[in-house]
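*Asks:* got a predicted model here, sequence first, then my questions.
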Amino acid sequence: MTETTTPATDDATGAVLSPLHAEHVALGATMTPFAGWMMPLRYAGDLAEHQAVRTAAGLFDLSHMGELHVDGPGAGAGLDHALVGNISGLAVGRARYTMIVQEDGGILDDLIVYRLADEAYLVVANASNVAVVSGALAERLAPFDASLTDRSLETALIAVQGPRSAEIVVGLTDPAHADAVRDVRYYAGVPATVGGVEALVARTGYTGEDGFELFVPAAAAPGLWRDLRAAGAPLGLVPAGLSARDSLRLEAGMPLYGNELDTTTAPHDAGLGRVVRLDKTTADGEPLPFVGRAALASRAHATPSRVLVGLVGSGRRAARHGYEVLTSAADDAVVVGRVTSGAPSPTLGTPIAMAYVTPEVSAEGTELAVDVRGRREPVRVVALPFYRRP
């Protein structure tokens, strides 16, 4: 089923406006088109927003993400067939990071799936891939007794991330639900009333910090956003944009679709083979067929042609997406990889990057170089993530 809601759009770009667009404009945010949406890039500044999330809390508008609901007696079995994970095995209230792949194992998108009830699931897709994921799911679910509904435009997603996020969100939660929100586990969600708004409150995030993501009706989002800002300001919460979100996820070693993940990349290439559940079985104990199974089974024990690694620089110039990785800074160095994401790390005070490199140079501690606009900057291979919260 497709969505019929007609969204408000930006006159100049045609980009969809978030339900919180007026809030961002009132706060003086720098707005930018992103995956077909007009979203806040930054407010006061990238560094201040990044550090607020690491030390207190940040408030993010993630309403550009896609919310696809799969319901019916065959929903779990259908998602087991459509995705690489064991979705029917999820307990109600829990969530799972998973992927949807092509027959050849190439990644169409990385997803989070929440089990809302026995026969109800929420699939959260990246904004740039909602149409692709929705189309693939519709085709793959067709043989099953399940319905697919795209509720992306009628749903707003607000995230509170950082070490003080629980104080802020629990403090706004109705007393009847406060304990459930306080105690909700990582990668789980509970229905709760927050700031007078009915929400799915999930303990998930993309920053490497403790935090919550609140799925709410789009019309109710502005009031909740203002309530969260008011409740969080005394605790150090600030609104944060896409730029801070990207530097935070990079420090946390989290992949970004279009950078670390794409249709030429299989989960095993990205060090994410663990999400592929080849042990899924039918009721008779036979291997469960799912899209991409054969290709992924062949990769499970094969030596990959490239490996995703972390790189830390010793200088000040940061490697960026697309820059070449070399065996050394010498004139006769050869190309052994390419940077997928890179930036100065506000937390570590040094340039960091993720890159795909050949297996022979992927060992932790290997000294390499990156061509940064014609200058070869020394880097060292490190384990991911770069940052783990205390």
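*Replies:* Thanks, I have the structure now.
*Asks:* only alpha carbons, please: show stretch 72-83 as PDB.
*Replies:* Output of stretch 72-83 as PDB, limited to C-alpha atoms (Å, rounded to 0.1, in the frame of the first residue of the first chain):
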ATOM      1  CA  GLY A  72      -0.700  -9.700   9.200                       C
ATOM      2  CA  PRO A  73      -0.400 -13.400  10.100                       C
ATOM      3  CA  GLY A  74       2.400 -13.800   7.500                       C
ATOM      4  CA  ALA A  75       4.300 -10.700   8.400                       C
ATOM      5  CA  GLY A  76       7.100 -12.400  10.300                       C
ATOM      6  CA  ALA A  77       7.600 -15.200   7.700                       C
ATOM      7  CA  GLY A  78       7.500 -12.600   4.900                       C
ATOM      8  CA  LEU A  79      10.200 -10.400   6.500                       C
ATOM      9  CA  ASP A  80      12.300 -13.500   7.100                       C
ATOM     10  CA  HIS A  81      12.200 -14.100   3.400                       C
ATOM     11  CA  ALA A  82      12.700 -10.500   2.400                       C
ATOM     12  CA  LEU A  83      15.600  -9.600   4.800                       C
END
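*Asks:* what mean pLDDT would you report for it?
*Replies:* For stretch 72-83, mean pLDDT rounds to 98.
*Asks:* where does the prediction get shaky in the stretch 51-200 of the chain?
*Replies:* Residue ranges of the stretch 51-200 of the chain with pLDDT under 70: none are present.
*Asks:* so which residues of the stretch 251-390 of the chain form helices?
*Replies:* Ranges of helices in the stretch 251-390 of the chain, per DSSP state H, counting those that start in this stretch, are 293-299.
*Asks:* now do the strands in it.
*Replies:* 307-313, 324-326, 335-345, 350-357, 367-372, 375-382 (DSSP state E, counting those that start in this stretch).
*Asks:* for the last one, packing partners?
*Replies:* Same thing as strand 375-382. Judged by 3 or more Cβ pairs under 8 Å, 6 or more residues apart in numbering; DSSP states H and E, strand 375-382 is in contact with strand 307-313, strand 350-357, strand 367-372. From N, CA and C alone the C-beta is placed, and that goes for glycine too.
*Asks:* most tightly packed of these?
*Replies:* Mean neighbours per residue, mean count of other Cβ atoms under 10 Å, is largest over these for strand 350-357, with a mean of 23.
*Asks:* so which strand or helix has G223?
*Replies:* helix 221-232 (DSSP states H and E).
*Asks:* so after that helix, what's the next helix or strand?
*Replies:* That would be, after helix 221-232 and using DSSP H and E, strand 237-239.
*Asks:* quick one, domains of this protein?
*Replies:* Using automatic domain parsing, the domain parsing of the chain gives 16-65+154-251, 307-382.
*Asks:* please identify the deepest-packed of those domains.
*Replies:* domain 16-65+154-251 (a mean of 20).
*Asks:* give the contact list for T358.
*Replies:* Each residue near T358 by Cβ atoms under 8 Å, 6 or more residues apart in numbering is listed here: 305-307, 336-337.
*Asks:* can I get the residues you listed in TSV with distance to A48?
*Replies:* As requested, the contacts of T358 are exported to TSV (distance: Cβ to Cβ, whole Å):
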residue	distance to A48
S305	41
R306	36
V307	35
V336	37
G337	33
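*Asks:* for A56, give me its contacts.
*Replies:* Contacts for A56 (Cβ under 8 Å, 6+ apart) come out as 162-164, 235-238.
*Asks:* go again using 6 Å as the cut-off
*Replies:* 162, 164, 235-236 (Cβ atoms under 6 Å, 6 or more residues apart in numbering).
*Asks:* which among these gets closest to E360?
*Replies:* Nearest to E360 among those: G162, at 39.6 Å, using Cβ to Cβ.
*Asks:* you'd agree the closest one is up against V53?
*Replies:* Yes - under the criterion of Cβ atoms under 6 Å, G162 makes contact with V53 at 4.6 Å.
*Asks:* anything in contact with each of these two?
*Replies:* Counting by Cβ under 6 Å, 6+ apart, the contacts common to G162 and V53 are E209.
*Asks:* so which pair among the contacts of A56 is furthest apart in space?
*Replies:* Largest pairwise distance in these, by Cβ to Cβ, is 9.1 Å, between G162 and L235.
*Asks:* neighbours of V101, how many?
*Replies:* 27 (other Cβ atoms under 10 Å).
*Asks:* for it, which non-adjacent residue is spatially closest?
*Replies:* G292 (4.0 Å; Cβ to Cβ, 6 or more residues apart in numbering).
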